[in-house]
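# attaching a predicted model along with its sequence, questions to come.
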Amino acid sequence: MKIDIHTHIIPEHLPRWSEKFGYTGFIHLDHHKPCCARMMKDDEFFREIQSNCWDADTRIEDCKHTHVDVQVLSTIPIMFNYWAKPEHCYEISRFLNDHIAEVVERYPKKFIGLGTVPMQNADVAIKELERCKKIGLVGIEIGSNVNDINLNEPQFFPVYEAAQELDLAIFVHPWNMMGTKQMSKYWLPWLVGMPAETSRAICSMIFGGVFEKFPKLRFAFAHGGGSFPSTVGRIEQGFKVRPDLTALDNNVNPRDYLGHFYVDSLIHDTKFLQYVIDLIGDDKICCGSDYPFPLGEATPGEEIEALDVSKKVKDKLLYKNALEWLNLDKKIFAK
């Protein structure tokens, strides 16, 4: 069995939110030719997408070719809309979450759903979080920061507490990458900024005591934990030599949290994937591809299959750890 925890989806048609809400900055789709659409931020081109980004049947066909049994669906991070007015972000979140829930309801043995919530306002976020649970979603996807505010800030604690009480998992995906304006060339925000953003999220949550405050909350981080695994030694050294700067809110060594959260396997390097397994444990890494985007893994789980490890370990990485993270039973996907 193979479960891909990192895939993105968007509805085929989006309302013109800018016209409805009276201000700009929202994404709409320009279906300029069959099976293709341009994601447009007002008049600015963002990304070209194909029908596998919205059509469930196309995704299922792709999964047959790559031997993926189940995809975990989440929105494209640019659709978080944390910058928008909370009530408008709430409306968009409901629209996106309803779409994911409908896809899951149609194909319950093929898809699992994660929602999105207006993280810029805890009360509104919790309202939608509770609704996500009711419509069958098993967790939420959040950004690595919320309007440049780190995830350790107390304003987010009520959302974490609600997710913990509702038994919902949280998938942290980089977005709004720091330094984007300074490194716009060469796709550096995606190649450099995203790994740094994920480490930013992990470090802020460690130093801010989030894992201490919410020990039952199951977090997973995209892209193999970003640059965190390769710099954990430096992070630990900083904790040891400058506790006056690092241990302000939590005096636990960052290395002690290895194995307390999940990461996906999207690393693009078999040797480094093995290092991450050795670092955080083979029970905390889940197959993830970033389907259907080109920076992802074309054949999900290919790097896992290339590892020189036992079938028992590969089964953990390919699906068992995903089930643990999402608190789901394999039986519900039995054909």
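Received, thanks. Residues are numbered from 1 along each chain as shown.
# assess the claim that residue 309 and residue 282 are in contact.
Yes - counting by Cβ atoms under 8 Å, residue 282 is a contact partner of residue 309 at 7.4 Å. No exception for glycine: its C-beta is placed from N, CA and C like everyone else's.
# neighbour-wise, which of those two wins?
Neighbour comparison, residue 309 and residue 282: the larger count goes to residue 282, with 19 against 15 (by other Cβ atoms under 10 Å).
# next, work out how far apart the more buried one and residue 273 are.
Taking Cβ to Cβ, to the nearest Å as the measure, residue 282 falls 11 Å from residue 273.
# in the protein, which helix is the longest?
Ranked by residue count under DSSP state H, the longest helix found in the chain is helix 86-106.
# packing partners of that helix?
Helix 86-106 sits against helix 17-21, strand 70-74, strand 111-115, helix 122-134, with contacts defined as 3 or more Cβ pairs under 8 Å, 6 or more residues apart in numbering; DSSP states H and E.
# cutoff 10 Å now
helix 17-21, helix 56-66, strand 70-74, strand 111-115, helix 122-134 (3 or more Cβ pairs under 10 Å, 6 or more residues apart in numbering; DSSP states H and E).
# these: which one's closest to residue 205?
helix 122-134 (16.4 Å; Cβ to Cβ).
# just checking, what packs against the following helix or strand past the closest one?
Sequence-wise, the next helix or strand downstream of helix 122-134 (DSSP states H and E) is strand 139-143. Packing contacts for strand 139-143, counted by 3+ Cβ pairs under 10 Å, 6+ apart, involve strand 3-8, strand 70-74, strand 111-115, helix 122-134, helix 157-166, strand 169-173, helix 194-207, strand 219-221.
# turn those into a markdown table, columns for mean pLDDT.
As requested, the helices and strands packed on strand 139-143 are arranged in a markdown table below (pLDDT from 0 to 100):
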| stretch | mean pLDDT |
| --- | --- |
| strand 3-8 | 98 |
| strand 70-74 | 98 |
| strand 111-115 | 98 |
| helix 122-134 | 98 |
| helix 157-166 | 98 |
| strand 169-173 | 98 |
| helix 194-207 | 98 |
| strand 219-221 | 98 |
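# figure out which of these is closest to residue 289.
Using Cβ to Cβ, the helices and strands packed on strand 139-143 put strand 3-8 closest to residue 289, at 5.1 Å.
# now stretch 193-209, how far from the chain's geometric center?
Put simply, stretch 193-209 sits 13 Å off its chain's centre (Cα atoms, centre = their mean, to the nearest Å).
# rewinding a little: and the longest helix of the chain with helix 56-66, angle?
60 degrees (axes from the mean of the first three to the mean of the last three Cα atoms, to 10 degrees).
# could you dump helix 86-106 to PDB, C-alpha only?
Extracted C-alpha coordinates of helix 86-106, given in PDB (Å, rounded to 0.1, in the frame of the first residue of the first chain):
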ATOM      1  CA  PRO A  86     -11.000  37.200   8.100                       C
ATOM      2  CA  GLU A  87     -14.700  36.900   7.100                       C
ATOM      3  CA  HIS A  88     -13.600  36.800   3.400                       C
ATOM      4  CA  CYS A  89     -10.900  34.200   4.100                       C
ATOM      5  CA  TYR A  90     -13.500  32.200   6.000                       C
ATOM      6  CA  GLU A  91     -15.800  32.200   2.900                       C
ATOM      7  CA  ILE A  92     -13.000  31.100   0.700                       C
ATOM      8  CA  SER A  93     -11.900  28.400   3.100                       C
ATOM      9  CA  ARG A  94     -15.400  27.000   3.300                       C
ATOM     10  CA  PHE A  95     -15.600  26.900  -0.500                       C
ATOM     11  CA  LEU A  96     -12.200  25.100  -0.800                       C
ATOM     12  CA  ASN A  97     -13.000  22.700   2.100                       C
ATOM     13  CA  ASP A  98     -16.400  21.800   0.700                       C
ATOM     14  CA  HIS A  99     -14.700  20.900  -2.600                       C
ATOM     15  CA  ILE A 100     -12.200  18.600  -0.900                       C
ATOM     16  CA  ALA A 101     -14.900  17.000   1.200                       C
ATOM     17  CA  GLU A 102     -17.000  16.300  -1.900                       C
ATOM     18  CA  VAL A 103     -14.100  14.600  -3.700                       C
ATOM     19  CA  VAL A 104     -13.400  12.500  -0.600                       C
ATOM     20  CA  GLU A 105     -17.100  11.600  -0.300                       C
ATOM     21  CA  ARG A 106     -17.100  10.500  -4.000                       C
END
